[in-house]
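Student: got a sequence here, can you model it:
(2 chains, ligands or ions: 3)
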Amino acid sequence: MTDGTADATGRSEADYYRPETVEAACRRLRDADGRVRIVAGGQTLLPLVRQGLVDADAFVDVSAVPGLSGVTVEDGRATVGATTTYAELADHGLADRVAALGEACAVVADRQVRTLGTVGGAVAHGDPTFDLLAPLRALDADVGLAGPDGRRRVPLSEFLIGHLRTDRHEGELVTDVTFDRPDPERSGSAYERHAAAGSGRATAGVAAVVTLVDGAVETARVACSAVADTPVRAHAVEGDLTGEAASAEAVAAASERAPADIDPIDDEAGSPAYKRRLVATLTERSLLSAIGRAGGSP
Amino acid sequence: MRVAFELDGEERTVETPPDRSLRELLREDCDARSVKAGCDGGRCGACTVLLDGDAVKACLVMAAKVDGRSVTTVEGIATGSLGREVQDAFEEHSALQCGYCTPGFVLSALAHLDDDPDADREALRSALSGNVCRCTGYEKIIDAVAAVAERRGDAE
Ligand SMILES: Cc1cc2nc3c(=O)[nH]c(=O)nc-3n(C[C@H](O)[C@H](O)[C@H](O)COP(=O)(O)OP(=O)(O)OC[C@H]3O[C@@H](n4cnc5c(N)ncnc54)[C@H](O)[C@@H]3O)c2cc1C
Ligand code: FES
Ligand code: FES
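Tutor: Ligands and ions are numbered 1, 2, ... in the order given. All right, here's what the predicted structure looks like:
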């Protein structure tokens, strides 16, 4: 299976490895001949390969590495393994407790894609339209990596550096994402997105994570997908809302400031002006829903 | 590479480049013609099959991934009671016209009813959202699957 034989077109056949541990995967990434690609669910990768946009001499399929899959919550810190699928995350209690995660999983593509698509694939690809990234940004997640120089952790905000660009070093694989689980007593979260009919991909999405104290906003974290070259935090909204009463009026006023931190492009999904308006609306909706879940009554 | 898997209950061994799609492998090397080719980009669901019992789009699955696993097409479910029931319901409710999309819909419906036997219309609409039909306008497809779900709900 790994002897690199030629297929009918005369093209040399790529090697395909299925390591069973993280260490074995790293060794393959280091030692494989030519250009190596990690495969998880393959839901993004295979179309790129078929279109000739990705050309690999070897594939390292990490989807069956036991240590890379699953969700755990320990001492208030949640860990989601890289090969956890959208379907698995959606089924886990964490996706109910942190509603933004469940809501993001629910809108990704369709049942079939969610069965194979993985959290690590979404993070590693660096596509700012991917729905899970906004909730992870709003949760202040960080990314675990394993590579030739050992393991390291990087904040997601530093890992995602541009459109389809990440801080993944040569030979590294994403092992997991972790974040502090918001206080279940007084926090709430939500993800709201809009996608054009027939496209599926988000035109814009907004995730909000809010913590309340005595009816006021103690902390608010808001992140937007698809409206900049990485998922971005809406710092102006967050700043305006912090310390304010968790009221519909305060949310409406703060949400108008969402366009300040985004940089949408003009594409078939819409004009920058349309996307700015859309993000303000989605910000308001996600904040209201998050505040409601935190026990507030905006 | 050599890929050995079970297709509709039969052992198959096929030589294939690992980065071919399962859709091509099934139609071209295994003559599984019920697995349709629509968009070949994950958008239409016509190529849906069950991989270890779960609905996936064969055009998005690397051929190498099926080694050691089981693949079920619509040909393989006819004998299973739920599979037969879903197929009959499609006929009863006129849920197909040209029929190109039907195998994919039947398999997606089956996978969903497995998890959620008495699914309501809303859940079914969402479960079938990865499958496209150009003919029926979807309502009759939902009618057919909902009828199966209702019968199974009542039977419990
Ligand atoms: C029809 C269709 C509709 C879609 N709609 C949506 C949508 O609405 N919203 C949305 O968010 N997404 C959507 N997607 C994309 C989907 O989210 C991604 O395909 C999926 O999350 C990617 O995960 P994967 O496991 O399939 O990644 P793969 O395709 O296996 O890999 C993707 C990339 O990440 C790399 N990679 C994967 N795992 C790792 C790892 N552990 N470490 C390092 N690198 C890694 C691969 O080398 C590759 O470059 C859609 C895809 C399709 C085909
Ligand atoms: S052919 Fe696979 S989804 Fe259209
Ligand atoms: S019956 Fe013709 S595409 Fe569905």
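
Student: what's the closest non-adjacent residue to A:Glu158?
Tutor: A:Asp167 (6.2 Å; Cβ to Cβ, 6 or more residues apart in numbering or on different chains). To be clear about C-beta, it is placed using only N, CA and C from the backbone, and glycine gets the same treatment.

Student: meant to ask about A:Thr44, not that
Tutor: Per Cβ to Cβ, 6+ apart, closest to A:Thr44 is A:His125, 5.6 Å.

Student: hey, which helix is longest across chain B?
Tutor: In terms of residue count, the longest helix belonging to chain B (DSSP state H) is helix B:139-155.

Student: now do it, average pLDDT.
Tutor: Across helix B:139-155, pLDDT averages out at 87.

Student: please name every helix or strand in contact with it.
Tutor: helix B:81-92, helix B:102-115, helix B:121-127 (3 or more Cβ pairs under 8 Å, 6 or more residues apart in numbering or on different chains; DSSP states H and E).

Student: hmm, the shortest one touching ligand 1?
Tutor: No. Using Cβ under 6 Å from any ligand atom as the criterion, no contacts between helix B:121-127 and ligand 1 are found, and the smallest distance is 13.1 Å.

Student: go through that helix and flag the buried ones.
Tutor: B:124, B:127 (16 or more other Cβ atoms under 10 Å in any protein chain shown).

Student: quick revisit: got phi/psi on the residue nearest to A:Thr44?
Tutor: Per-residue torsions, A:His125: phi -70, psi -30 (degrees, to the nearest 10).

Student: next one: A:Leu278
Tutor: With angles defined as degrees, to the nearest 10, A:Leu278 sits at phi -60, psi -40.

Student: got a list of what it touches?
Tutor: For A:Leu278, the contacting residues are A:194, A:203-204, A:270, by Cβ atoms under 8 Å, 6 or more residues apart in numbering or on different chains.

Student: among these, which are in strands?
Tutor: A:194, A:203-204 (DSSP state E).

Student: what would those residues look like in JSON lines with pLDDT?
Tutor: Shown next, in JSON lines, are those (pLDDT from 0 to 100):
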{"residue": "A:His194", "pLDDT": "96"}
{"residue": "A:Thr203", "pLDDT": "96"}
{"residue": "A:Ala204", "pLDDT": "97"}
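
Student: top of these by neighbour count?
Tutor: When neighbours are taken as other Cβ atoms under 10 Å in any protein chain shown, the top entry among the ones in strands among the contacts of A:Leu278 is A:Ala204 (29 neighbours).

Student: now that residue: how far from ligand 2?
Tutor: As for A:Ala204, its distance to ligand 2 is 25 Å (criterion: Cβ to the nearest ligand atom, to the nearest Å).

Student: doesn't A:Arg277 make contact with that residue?
Tutor: No. Assessed by Cβ atoms under 8 Å, A:Ala204 is found out of contact with A:Arg277, at 9.7 Å.

Student: that older thread, roughly how far is the longest helix of chain B from the heart of the chain?
Tutor: 17 Å (Cα atoms, centre = their mean, to the nearest Å).

Student: right, is it up against ligand 3?
Tutor: No. Using Cβ under 6 Å from any ligand atom, helix B:139-155 stays clear of ligand 3, with a minimum separation of 7.8 Å.

Student: tabulate the CA atom coordinates of that helix in CSV.
Tutor: Output of helix B:139-155 as CSV, limited to C-alpha atoms (Å, rounded to 0.1, in the frame of the first residue of the first chain):
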residue,chain,number,x,y,z
GLU,B,139,-42.7,17.7,0.2
LYS,B,140,-43.5,14.2,-1.1
ILE,B,141,-40.1,13.0,0.0
ILE,B,142,-40.7,14.3,3.5
ASP,B,143,-44.2,12.8,3.4
ALA,B,144,-42.8,9.4,2.6
VAL,B,145,-40.1,9.4,5.3
ALA,B,146,-42.4,11.0,7.9
ALA,B,147,-44.9,8.2,7.2
VAL,B,148,-42.3,5.6,8.1
ALA,B,149,-41.3,7.6,11.2
GLU,B,150,-44.9,7.8,12.3
ARG,B,151,-45.5,4.1,11.8
ARG,B,152,-42.4,3.3,13.8
GLY,B,153,-43.2,5.8,16.5
ASP,B,154,-46.7,4.2,16.9
ALA,B,155,-45.3,0.7,16.9
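
Student: report the buried residues of it.
Tutor: Within helix B:139-155, the residues that count as buried by 16+ other Cβ under 10 Å are B:140-149.

Student: likewise stretch A:12-22?
Tutor: A:13-19, A:22.

Student: please apply the same query to stretch A:231-246.
Tutor: Buried, per 16+ other Cβ under 10 Å, within stretch A:231-246: A:231-234, A:236-238, A:240-241, A:245-246.

Student: what sits up against it?
Tutor: Residues from elsewhere that reach stretch A:231-246 (Cβ under 8 Å, 6+ apart): A:128, A:133-134, A:136-138, A:157, A:160, A:206, A:210, A:212, A:215-225, A:250-251, A:253-255, A:257-258, A:260-263, A:279, A:283, A:287, A:291, A:294, A:296, A:298.

Student: separation between A:Thr118 and A:Leu278?
Tutor: Using Cβ to Cβ, to the nearest Å, A:Thr118 is found at 28 Å from A:Leu278.

Student: burial measure for the residue of chain A found nearest chain B, as a count.
Tutor: For chain A and chain B, the shortest gap (Cβ to the nearest Cβ) falls at A:Asp110, measuring 2.7 Å. By other Cβ under 10 Å, 22 other residues sit near A:Asp110.

Student: check contacts around whichever residue of chain B sits closest to chain A.
Tutor: In chain B, the residue that lies nearest chain A is B:Gly130 (2.7 Å; Cβ to the nearest Cβ). By Cβ under 8 Å, 6+ apart, B:Gly130 lies in contact with A:109-113, B:45, B:48, B:55, B:57, B:108.

Student: per-domain residue ranges of chain A.
Tutor: A:15-61, A:71-180, A:188-294 (the TED database).

Student: how about those domains, which one is nearest B:Arg12?
Tutor: domain A:15-61 (17.7 Å; Cβ to Cβ).

Student: pretty sure A:Ala208 sits against A:Ala138.
Tutor: Yes. Between A:Ala208 and A:Ala138 a contact is recorded at 6.3 Å, counting by Cβ under 8 Å.

Student: quickly list what's touching both of these two.
Tutor: A:100, A:189, A:221-222.

Student: perfect, that will be all.
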